Structure formats: structure tokens, C-alpha cells
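# got a sequence here, can you model it:
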Amino acid sequence: MISLKELVQLYRSQAGAFGVPVALSAFCLTDEEIERVFSSYEEDYHIGRFFHFSDAGGKNYSINGVRASHVSLDPEIETIL
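Residues are numbered from 1 along each chain as shown. From the prediction side, this is the model:
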């Protein structure tokens, strides 16, 4: 599984800044990995509170049973890395 630090680095390389929605497909993981990794981090309260999923068009995934195509991260996530 990809570490949280690696995931945040990938997010920042795609988004350029925190708070910018990034397509989940941009993380270059398989569909199963995207759903597993993001669902795992989202269900952990201490981590998941920094993740914001949206259905903004494009390929959709099931993140803990909720349909999502994009994710944005709060900058405060760096406090737990």
C-alpha cells in the first residue's frame, strides 16, 4: 500500500497546491488500488478529515461506498506526516 506521505506528495505534484481537486485517476494506481487506498485513509478519522471527495465528472470510484471522481486535501494533513 502507498504510504500517506507518498500519497500527499503525489497529490501535491498533480494539484500544485492544497485544496485543489485532483482526479483520482491521476494517481496512476489500478482502479482497485484507488478504491482500497483512499477508502482506507478516509475511514481513519485522524487522516480522513483532511480528505474531501467530490463527483466532479470523469471516472468514478467507490470510496467507502460513496461515488467520487476527485479528491482535495487540506494543508493541515502535513501535521500528521
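# going forward, measure contacts and count neighbours with C-alpha atoms only.
OK.
# name the residue closest to the centre of this structure, please.
Per Cα atoms, centre = their mean, the C-alpha nearest to the average position across the chain is that of residue 71, at 4.8 Å.
# just the pLDDT at that residue, thanks.
As predicted, residue 71 sits at a pLDDT of 98.
# tell me which element it is part of?
For residue 71, the element it lies in under DSSP states H and E is strand 70-73.
# partner strands of that strand and their direction?
Paired strands of strand 70-73, with direction, are strand 22-23 (antiparallel), strand 51-54 (antiparallel) (DSSP bridges).
# quick check: mean pLDDT across the last one?
Here strand 51-54 scores 98 as its mean pLDDT.
# distance check, residue 58 against residue 9.
Here residue 58 is placed at a distance of 22 Å from residue 9 (Cα to Cα, to the nearest Å).
# return the distance of the strand holding residue 71 from the chain's centre.
Relative to the mean C-alpha coordinate of its chain, strand 70-73 is positioned 5 Å out (Cα atoms, centre = their mean, to the nearest Å).
# next: stretch 3-13.
Per Cα atoms, centre = their mean, the centroid offset for stretch 3-13 relative to its chain is 9 Å.
# now stretch 70-81
With Cα atoms, centre = their mean, you get 9 Å for stretch 70-81.
# now do the same end-to-end measure for that stretch.
Per Cα to Cα, the first residue of stretch 70-81 is 22 Å away from its last.
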